[in-house]
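>>> just to be clear, the model below is a prediction. Sequence and coordinates:
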Amino acid sequence: MSTPRPMDYRVRHVTVYDYATPVTISHHAGRLRPRHFDTQKVHDSALHIAPVPSHRRERRDFFGNTLTTFTLAEPYRALTVTATSHVSVQPPRLPEAIHTPPWEQVADRLAGGLGADVVDAGQYAFDSPLVAASADLRDFAAPSFPPGRPILSGVRDLCHRVHTAFAYDPAATTIATPLALVMRERRGVCQDFAHVMIGALRSLGLAARYVSGYVLTRMPGDGDRLEGGDASHAWLSVFVPVDGAPNGGWIDVDPTNDKLVTHEHVVVAWGRDFDDVSPIKGVMLGGGNAAPSVSVDVTPLNPDGSVMRDPPPGGGGPMTDR
Amino acid sequence: MVTPLNTSANAEAEAGAGAETPAVPGSSWLCYESRPGVYDEMVAADGTVRPHWRDLVAHLDALGAGEIGRRADRARRLIRDNGVTYNVYGDPAGQDRAWSLDPVPLLIDEADWLSIERAMVQRAQLLNAVLADLYGPRHLLSEGILPAALVHANPAYLRPLVGARPSGGVFVHLLAVDLARAPDGRWWVVDTRSEMPSGIGYALENRVIMNRVLPDVLRALPVHRLAQHLTEVRDSLIRRAPPTREHPRVVLWTPGPFNETYFEHVYLARYMGFTLVEGEDLTVRDGRVFLKTLEGLQPVDVILRRNESSFCDPLELKGESTLGAPGLVEAAHERTVSLANALGAGLAESPGLMPFLPSLCHRLLGEELLMPSVATWWCGQPRERGYVLDQMPDLAVRSAFHATGPISRGALMDPASRAALRRDIEHRPYAWVGQEAVSPSTAPVWTDGRLEPRPLVLRVHVCAHDGGYSVMPGGLARVSGAADDESVSMQRGGGSKDAWVLSERPVGLPPRPRPGEQVPTVVRGVRDLPSRVADDLFWLGRYVERCDNTARLLRCLIGRLAETGAGSGEVAVILGMLWPMGHPPFTSPAGAGAAEHDRTVRAILDANMDPSNPRGLAALALNVHRVGVRVRDRLSIDTWRAINALIDALGLGAYTSAVPSEPGVPQTPAPGAPPPLTLEDAGPRLSAVLMPVQVITGLANENMTRGLGWRFLDTGRRIERALHMLALFEGVARTDSAAREAALEAALEVADSQMTYRARYLEAPQTVPVLDVLLADESNPRSLAYQLVRLGLHMDSLAPDQAFGLRSHEQRLTVRLLGITRTVDLNRLPVDGGGSAPAPASAEAGDEPDAAMPPPADLPTLLRLLRGLLNALSESLARQYFAHAVETRHGSAGGRVRPARDHPESGA
């Protein structure tokens, strides 16, 4: 099998807050710089904040994501956070599903907790603040995981079932919608689908982590449009310990688009659930409630770094705005 | 099973009551029967008194039963008078349950104590090393010494704190360890508290009380003192500040008055001289923690943390928390502040750690664990899980993560709940442990005039000191509420004992200050009055005064009704004064007939007893209580009693427990309506309301130091009284000349100035003399001018820069107010201002009057001018001193708005 060529992207993620009344002081924590790992190289990334914060720090969080904390201590009416980066995505070599171990074997290894990889992966099998295993989720997962089924086959099947059983409906949920409600209503957005599938896998004793990032909505000249491109996207990784698996055994699946992640996704951060990787959180004095407006552009680049052109008519390229 | 031990017929005969209970050897009358198979602290298995107890037994014997009973009563009284309480969540009996202290101490001999001390120092070092690893390199997980599930699935493991190493590597600054003694006499650790260890304050207060209860005995025995340890705690906390800080600021962070150990927070803050703060008093700027004080932001160096870790930073920890300081986690990473204990230190108290401590001790300290923990089986391991499921009836089952969670004793559970617990364990096995059901040792407790054995747990306090740890010698022992109840918990109604560690050498006088240790400088004012406290005291002053004014008005109304009868002009005048102040019928009364008056008066009384009517007397009294609770630590016990008496006088007791809206406190259902005020009983009951109000006022005047706190309390009172005086005269100005005299009479009565007036003027009330007494006379403490003089003094002392005569905005406002009352010519001031329609008082809060305004042409104009200036003063104070950071959380993680601050009508 020949190694596929990496895809280069330029990503621009702009978040704007507009307040009716001045904010006098605010504290923020952002995870906006893409991660650097086996199959994704970050060539450069920049985070621009206007107005300029009085205090700004960067550190690695527990999960290895880059966390930027900043404080604005002078009154302001509008805040703009712009994250730009240039990344190369190497499509992972995914194992054949039938060559992956039976799912129970993976669950047993995780429960046994032996081996350094399992010690780290094991933490993604436990409940987390937003995703707790439940009988409901276990029942939902069961049809995809008959005894002895190779784990990746089960994951593909579950991914497809989440995609078909749940309606994509941006009006249905908010960030605060609990998982149980999503399960009842059977509708939501990428974040909810990721949480549902993570919860279902955890109910079986499998390890799954939440991934935030971006997805290319449409390749130049390609007709298919993927959901989730106008803002931050979310999907999940499943722990599949098999020799030669990419990224330490973590395989990404995107239930919103019903596919295994290859070269169209840019990873920003991962954690146990949304709470661990929220792109920007803030606590502020004044301002009133303001929903941020978010726009994300994912631009494919040619190997020489120039922007890949859409064949005509190609008005706005692959980017979307809101 | 009764086993007679050393029974002597004589002793029994003398004991009288103790016919079946064996006598205590060495005592002529004391009887005591230890329980078989259990270690007793006082009596050995052969029935003899243990040597280190013999002196105490002799002393108790000499005191006699009656005297011991009297001393037990004295202990209870001292506890009540000192306000020692332990809040029990969801207890309908009220917020404050009195602490209980047994008059018989627990004695521990020195040899025993030294081994406890060594073991506790080792345990503190061990737990600190465990935290340093788990919040750092995590070797313990990668090496498989500690199962990862115990950490990764543990809610106490706060991932945002990983990598934040505190200065000096001290995660555990304070540690409390609960010990129980097994039947073989060995001490075992049954529980650990590293998140927010409590008990030091109670231990010290117990010792203070024992000093009054058994002074002779305490002096006669060589008891190790506790105060030295408290000094070490204080010094060690101060030393956690960066060495560059000359006057480090240490604060004690409390979640507030509804916390179960709030008494201790207040006590320790006072004892150690630390500022008591709540989350909203703190703010993080540029990676540093500050205290919001009246003098601006003051840097905080060390936080003695009694707020739970996960509630400490809404930005990086629990987002919905309103108790935290956003940015604190970042400050911890930057090490600009020291927290005792470190955020996330609660991980070390997880019961699931206990079975692994011996191997952790080997790995981290290279030592044997000196004191064992109670036998614990972690259900995350298959074999251990099997054992726990099989042996459940003989074990205690509890969370592997939450040391403060419930403990289910298999023996006491019915089959159904045992089956439910079994399912829980099978569902999430790693979250549970089984523990041996311990039979702790017993100690004698004075109950109903005799000694009875009660199961006992000893809480030992450890503090980081001089690079190591030191242990408080003695302190807090807790006993269960009943002889057969082996669970020992203050939450469940047990009692406490003072534990005395007996030295083998005589204990001398309290240590003198060591060389180089400075005698403390005399301090008067406290610089660090948090803005929140100033705000609350200001509103406490206003609400108390508003209660006073409202009760007087109502009493005046009831009095007139009785004297002149419904339908009289006098009653009509008062009704005319009342409605613009927010009383029924809220608009100009339609009729003047007797029936109409009767109906209106009844409506007024009902409305004032309705707690949902914000202008009513009931709501005002509840506001006094509510704000009082928030500044409880600043109020004397007597003031607090007066506030409770005010609540009782109105029959509002049921409403005060519905007040808390703190997270985790269950909301009690709305209580029934308070007893109504009737025409018959309103007079005496209103007088009964005025009594506690007067007590509160009197205590503030006579017993409060004239610090910033008192100034804000009094400022609130003065502003309220001044506004009330204006409202009264607005009522007078609305009357026609026929009713004027009755209106002036009412104003004098409500303002408690009839005697003053009568002493000066023989005739019936006339406008100009009454105006002089109530508005302009600066010697009458009820007059407007008097309030303005006082306000002027307060604003002068609050103003930051007096040296160069620079006046603050508030000072300028009081000068102008006083200038008006001092210069107005009452003889040339027409009372009615052209018959303009009156507006309700609250709607007149206009803009601050222009300085160039001509002198008022008539009384209504004068009143409007004064009201505008007073409101401007109140608002200016709020802007200048109370500007709170009401921080709301939104952004991509959802927009939750924290509850708005109270005092909804600020400025009105």
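Right, received. Where do you want to start?
>>> every contact and neighbour count from this point should use C-alpha atoms.
OK.
>>> top strand in chain B by residue count?
strand B:450-465 (DSSP state E).
>>> which strands or helices does that one pack on?
Here strand B:450-465 touches helix B:110-134, strand B:174-181, helix B:227-238, strand B:442-447, strand B:468-471, strand B:475-479, going by 3 or more C-alpha pairs under 8 Å, 6 or more residues apart in numbering or on different chains; DSSP states H and E.
>>> now the angle from that strand to helix B:227-238?
30 degrees (axes from the mean of the first three to the mean of the last three C-alpha atoms, to 10 degrees).
>>> and the helices and strands packed on strand B:450-465, which is most packed in?
Sort the helices and strands packed on strand B:450-465 by mean neighbour count, taking mean count of other C-alpha atoms under 10 Å in any protein chain shown, and strand B:475-479 sits at the top with a mean of 28.
>>> centre of the chain to that strand, how far?
How far strand B:475-479 lies from its chain's middle: 22 Å, per C-alpha atoms, centre = their mean, to the nearest Å.
>>> parallel or antiparallel, list what pairs with the longest strand of chain B.
Strand B:450-465 has these partner strands in its sheet, going by DSSP bridges: strand B:174-181 (antiparallel), strand B:442-447 (antiparallel), strand B:468-471 (antiparallel), strand B:475-479 (antiparallel).
>>> extract the C-alpha set from the helix or strand that the first one is followed by and format it as CSV.
Once strand B:174-181 ends, the next helix or strand along the chain (criterion: DSSP states H and E) is strand B:187-193. Coordinates of each C-alpha in strand B:187-193 appear next as CSV, following Å, rounded to 0.1, in the frame of the first residue of the first chain:
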residue,chain,number,x,y,z
TRP,B,187,-5.0,2.7,66.7
TRP,B,188,-6.3,2.5,63.1
VAL,B,189,-7.0,5.2,60.6
VAL,B,190,-10.6,5.2,59.7
ASP,B,191,-10.8,8.4,57.7
THR,B,192,-8.8,11.2,56.2
ARG,B,193,-9.7,14.8,55.4
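>>> okay, domains of chain A per the record?
Segmentation of chain A into domains, based on automatic domain parsing, reads A:7-89+A:277-301, A:97-276.
>>> which of those sits closest to B:Glu384?
Taking C-alpha to C-alpha, domain A:97-276 is the member of the domains of chain A nearest to B:Glu384, at 13.9 Å.
>>> what about the closest one, how long is it end to end?
29 Å (C-alpha to C-alpha, to the nearest Å).
>>> which residue ranges of the stretch 751-900 of chain B form strands?
Using DSSP state E, counting those that start in this stretch, the strands of the stretch 751-900 of chain B run over B:887-891.
>>> any weak-confidence spans in it?
By pLDDT under 70, the low-scoring segments of the stretch 751-900 of chain B are B:800-805, B:833-855, B:883-900.
>>> give me the pLDDT for residue 277.
Let's take chain A. Confidence at A:Val277, expressed as pLDDT, is 95.
>>> look at chain B instead
91.
>>> number of nearby residues for it?
26 (other C-alpha atoms under 10 Å in any protein chain shown).
>>> same thing with A:Leu94?
Neighbours of A:Leu94 (other C-alpha under 10 Å): 17.
>>> nearest residue to it in space, please, no chain neighbours.
Excluding the flanking residues, the one nearest A:Leu94 by C-alpha to C-alpha, 6 or more residues apart in numbering or on different chains is A:Ala245, at 6.6 Å.
>>> hang on, the one you found packs against A:Arg93?
Yes. With contacts counted by C-alpha atoms under 8 Å, A:Ala245 reaches A:Arg93, the gap being 7.3 Å.
>>> which residues of the stretch 201-350 of chain B fall in helices?
Secondary structure of the stretch 201-350 of chain B (DSSP state H, counting those that start in this stretch): helices located at B:215-220, B:227-238, B:262-272, B:328-334.
>>> those helices: lowest mean pLDDT?
When those are compared by mean pLDDT, helix B:262-272 comes last with a mean of 87.
>>> helices and strands around that one, which ones?
strand B:85-87, helix B:200-213, helix B:227-238, strand B:250-253, strand B:275-277.
>>> ok, residues contacting the last one?
It stands for strand B:275-277. Applying C-alpha atoms under 8 Å, 6 or more residues apart in numbering or on different chains, the external contacts of strand B:275-277 come out as B:250-254, B:265-266, B:269, B:528, B:530.
>>> got the strands paired with strand B:450-465 as CSV, with distance to B:Ala592 and mean pLDDT columns?
Formatted as CSV, the strands paired with strand B:450-465 follow (distance: least, C-alpha to C-alpha, whole Å; pLDDT from 0 to 100):
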stretch, distance to B:Ala592, mean pLDDT
strand B:174-181, 71, 96
strand B:442-447, 67, 93
strand B:468-471, 77, 96
strand B:475-479, 68, 90
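>>> want to throw those strands into TSV with distance to B:Asn871?
What follows is those, written out as TSV (distance: least, C-alpha to C-alpha, whole Å):
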stretch	distance to B:Asn871
strand B:174-181	48
strand B:442-447	59
strand B:468-471	56
strand B:475-479	52
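>>> residues contacting the residue lying closest to B:Val49 once chain neighbours are set aside?
Distances taken as C-alpha to C-alpha, 6+ apart place B:Val43 nearest to B:Val49, at 4.5 Å, with adjacent residues excluded. Residues near B:Val43 by C-alpha under 8 Å, 6+ apart: B:34, B:49-50.
>>> ok, of the residues you listed, which come out buried?
B:34, B:49 (16 or more other C-alpha atoms under 10 Å in any protein chain shown).
>>> wait, which of the contacts of B:Val43 is closest to chain A?
B:Ser34 (47.6 Å; C-alpha to the nearest C-alpha).
>>> of the strands paired with strand B:450-465, which is nearest B:Ser808?
Once the strands paired with strand B:450-465 are compared by C-alpha to C-alpha, strand B:174-181 is nearest, at 44.9 Å.
>>> surely A:Pro170 and A:Val189 touch.
Yes. Using C-alpha under 8 Å, A:Pro170 is in contact with A:Val189, at 5.7 Å.
>>> ok but B:Trp377 is inside a helix, no?
No. Counting by DSSP: H, G, I helix; E, B strand; the rest coil, B:Trp377 is not part of a helix but strand.
>>> ok, it to B:Ala431 distance?
11 Å.
>>> so can I have a markdown table of the domains of chain A showing distance to B:Met704 and mean neighbour count?
A markdown table is the format used below for the domains of chain A (distance: least, C-alpha to C-alpha, whole Å; neighbours: other C-alpha atoms under 10 Å in any protein chain shown):
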| stretch | distance to B:Met704 | mean neighbour count |
| --- | --- | --- |
| domain A:7-89+A:277-301 | 34 | 19 |
| domain A:97-276 | 48 | 20 |
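>>> and of these, who's closest to B:Ala443?
If we rank the domains of chain A by C-alpha to C-alpha, the stretch that ends up nearest is domain A:97-276, at 43.8 Å.
>>> show me what from the stretch 101-250 of chain A comes close to chain B.
A:113-116, A:119, A:122-123, A:126-127, A:174-176 (C-alpha under 8 Å from any C-alpha of the partner chain).
>>> can you list the buried residues in stretch B:639-647?
Buried, per 16+ other C-alpha under 10 Å, within stretch B:639-647: B:639-640, B:642-647.
>>> with distance to B:Leu458 added, can I get the helices and strands packed on helix B:262-272 in TSV?
What follows is these, written out as TSV (distance: least, C-alpha to C-alpha, whole Å):
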stretch	distance to B:Leu458
strand B:85-87	18
helix B:200-213	11
helix B:227-238	17
strand B:250-253	25
strand B:275-277	28
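>>> picking that back up, I'd like the residues of the stretch 101-250 of chain A next to chain B as a markdown table, with pLDDT, distance to A:Arg33 and secondary structure appended.
Converted to a markdown table, these look like this (pLDDT from 0 to 100; distance: C-alpha to C-alpha, whole Å; DSSP: H, G, I helix; E, B strand; the rest coil):
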| residue | pLDDT | distance to A:Arg33 | secondary structure |
| --- | --- | --- | --- |
| A:Gly113 | 72 | 31 | coil |
| A:Leu114 | 71 | 33 | coil |
| A:Gly115 | 74 | 30 | coil |
| A:Ala116 | 74 | 27 | helix |
| A:Val119 | 86 | 26 | helix |
| A:Gly122 | 91 | 26 | helix |
| A:Gln123 | 93 | 24 | helix |
| A:Phe126 | 94 | 27 | coil |
| A:Asp127 | 93 | 26 | coil |
| A:Thr174 | 70 | 24 | coil |
| A:Ile175 | 65 | 21 | coil |
| A:Ala176 | 66 | 24 | coil |
